[in-house]
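Q: need coordinates for the below:
(one chain, ligands or ions: 1)
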Amino acid sequence: MTVDLRSDTLTRPTDAMRKAMAEAAVGDDVYGEDPTVIELQQRVAGMFGKEDALFTPTGSMANLLAVGSLVEPGQEVLCEASAHIARAELGAHGAVGGLTMRTWREPRGQVDLEAIRSMFAPDMGPFFVRTAAVSVENTHNFAGGAVLPVADLEQLRAYATGMGIGVHLDGARIWNAHVATGVPFAAYGACAVVVSVCLSKGLGAPVGSLVVGSAEAVAAARVRRKRMGGGMRQVGILAAAGLHALDHHVERLADDHAHARLLAEACGLDPATVDTNIVVVPRDDAAAFVAGAREGGVLVAPVGPTTVRLVTHLDVSRQDAEAAAAVLARL
Ligand SMILES: Cc1ncc(COP(=O)(O)O)c(C=O)c1O
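A: Prediction:
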């Protein structure tokens, strides 16, 4: 037995998803002629109450295009200190986007409006870097899949609008937030000027993300995507996987969340602290814990010297979760 809990990006396409991919109608998407890509983009835009969407190969590219639609080179974005855009995109927003970042720290990745207010920098001509946007992540990966309450996001959007700045939502796992809370996608969409979403995490598609926003922002993102070498051709084959995932893999995320709570309990944590499909386990002996789990056939990932992350997903059944819980409980 091997149960792989390292990440929800490890899923393999199901037979039904592969069939949908094989049968997809395709065309050249750089010419705007791939009907399956167009269907996916329109569907996701509609779900979030936005005018348009753009298919991208990765969440990192979607984030880069989305944040870049709000923040010009030489301006700054504010985000939480362990946000994926700050920690895990290899400095792309600075290196490629030419912007700077300042962060607030909140252990569960939440919005801290007081901190944001205190950091906000208006346009002061040639003296200070101007704040152009705030970026939030829902669910928050490194904060253990924590959900950001929609009321906090609404407050943030109202504040940001008042200050004349944008809000970006990194919604790589917004599907998990929706299933955990019942908050409609459109309500999350209304909290941000631009949203990025991923099909290749909990939804189980092999690849694919989208930037979702106004027609103007998406048109500009399409040009920048091509400039970065991200113009793709008969990519409906991949968009079909995303459409299939939206039809079949959203509601089942509730199972992943239940499995995550089971694993948390096995690790001696309060399952009520687990919002979605990610469990962060504090262990002084993280490396030994990872090695011990591996011996028992359970793969888990160290995310720091004293923290281990467990992630449930489409390829972890109830039986797998129970077997993994038994191994982890012994550790
Ligand atoms: C919250 C979040 N945003 C963005 C990304 C980037 O996605 P990708 O790996 O497709 O570039 C990830 C990847 O895990 C993520 O967890």
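Q: phi, psi of the most centrally placed residue in the chain?
A: Nearest to the mean C-alpha position of the chain, by CA atoms, centre = their mean, lies residue 172 at 1.7 Å. In this entry, residue 172 is assigned phi and psi values of phi -50, psi -40 (degrees, to the nearest 10).
Q: that one touches residue 59, doesn't it?
A: Yes - with contact defined as CB atoms under 8 Å, residue 172 counts as touching residue 59 (4.9 Å). No exception for glycine: its C-beta is placed from N, CA and C like everyone else's.
Q: could you tell me which residues touch both of these two?
A: Counting by CB atoms under 8 Å, 6 or more residues apart in numbering, the contacts common to residue 172 and residue 59 are 84, 196, 198, 201, 209.
Q: and the ligand, which of those residues contact it?
A: Within the set of these, contact with the ligand (CB under 6 Å from any ligand atom) is found for 84, 198, 209.
Q: residues in contact with residue 232?
A: Residues in contact with residue 232 (CB under 8 Å, 6+ apart) are 29, 30, 55, 57, 238.
Q: can you count the residues close to the last one?
A: When you say that, I think you mean residue 238. For residue 238, the neighbour count with other CB atoms under 10 Å is 25.
Q: how about the first one?
A: Close neighbours of residue 29, defined as other CB under 10 Å, add up to 23.
Q: can I take it that residue 79 is in a strand?
A: Yes - assessed with DSSP: H, G, I helix; E, B strand; the rest coil, residue 79 lies in a strand.
Q: residue 53: what secondary structure?
A: Residue 53 is classified as strand under three-state DSSP.
Q: surely it is in contact with residue 47?
A: No - Residue 53 is beyond contact range of residue 47, at 9.0 Å (criterion: CB under 8 Å).
Q: so which of the ones next to the ligand among the shared contacts of residue 172 and residue 59 belong to helices?
A: residue 84 (DSSP state H).
Q: among the ones next to the ligand among the shared contacts of residue 172 and residue 59, which one lies nearest to residue 92?
A: Set against residue 92, the nearest of these by CB to CB is residue 84 (10.8 Å).
Q: in contact with the closest one, which residues?
A: Applying CB under 8 Å, 6+ apart to residue 84 gives the contacts 59, 63, 137, 141, 142, 170, 172.
Q: nearest spatial neighbour of it, skipping sequence neighbours?
A: residue 141 (5.5 Å; CB to CB, 6 or more residues apart in numbering).
Q: how close does the closest residue to the ligand within the stretch 151-300 of the chain get to residue 142?
A: Nearest residue of the stretch 151-300 of the chain to the ligand, counting by CB to the nearest ligand atom: residue 172, 3.5 Å away. Counting by CB to CB, to the nearest Å, the gap from residue 172 to residue 142 is 12 Å.
Q: before we move on, what about residue 285?
A: Using CB to CB, we find residue 285 at a distance of 20 Å from residue 142.
Q: same check, this time on residue 100
A: 21 Å.
Q: equivalent analysis for residue 123, please.
A: Applying CB to CB, the value for residue 123 to residue 142 is 32 Å.
Q: list phi and psi for residue 168.
A: phi -110, psi 130.
Q: just give the nearest non-adjacent residue to it, would you?
A: That would be residue 135: by CB to CB, 6+ apart, it lies 4.2 Å from residue 168.
Q: quick check: residues of the chain near the ligand?
A: Close to the ligand, as judged by CB under 6 Å from any ligand atom, the chain has residues 58, 59, 60, 63, 84, 137, 141, 170, 172, 198, 200, 209.
Q: can you tell me, leaving aside adjacent residues, what's nearest to residue 10?
A: Using CB to CB, 6+ apart, the nearest residue to residue 10 is residue 4, at 5.4 Å.
Q: let me see the contact set for the one residue in the stretch 51-200 of the chain that gets nearest to the ligand.
A: Distances between the stretch 51-200 of the chain and the ligand by CB to the nearest ligand atom are smallest at residue 59, namely 2.5 Å. Listed by CB under 8 Å, 6+ apart, the contact partners of residue 59 are 84, 170, 172, 196, 198, 200, 201, 209.
Q: show me those residues that map onto strands.
A: 170, 196, 198, 209 (DSSP state E).
Q: how much space between residue 50 and the ligand?
A: Applying CB to the nearest ligand atom, to the nearest Å, the value for residue 50 to the ligand is 18 Å.
Q: which SSE is immediately downstream of the host helix or strand of residue 133?
A: Using DSSP states H and E, the element containing residue 133 is strand 131-137. Going down the chain from strand 131-137, the next helix or strand is helix 150-163, by DSSP H and E.
Q: so where do the strands sit in the protein?
A: Counting by DSSP E, the chain has these strands, from start to end: 3-4, 52-56, 76-80, 100-104, 131-137, 166-171, 194-198, 209-213, 278-282, 298-299, 301-304, 307-311.
Q: tell me which of these sits nearest to residue 21.
A: Residue 21 sits nearest to strand 52-56 of all the strands of the chain, at 14.1 Å, using CB to CB.
Q: export stretch 196-207 to CSV, keeping only CA atoms.
A: The C-alpha trace of stretch 196-207 is given here as CSV (Å, rounded to 0.1, in the frame of the first residue of the first chain):
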residue,chain,number,x,y,z
SER,A,196,-7.0,33.2,-10.6
VAL,A,197,-8.2,29.6,-10.3
CYS,A,198,-6.6,26.2,-10.8
LEU,A,199,-8.0,23.0,-12.3
SER,A,200,-5.0,20.9,-11.4
LYS,A,201,-5.2,20.9,-7.6
GLY,A,202,-8.2,19.3,-5.9
LEU,A,203,-10.2,19.1,-9.2
GLY,A,204,-7.8,16.6,-10.5
ALA,A,205,-7.1,17.9,-14.0
PRO,A,206,-3.6,17.3,-15.3
VAL,A,207,-2.9,20.9,-16.1
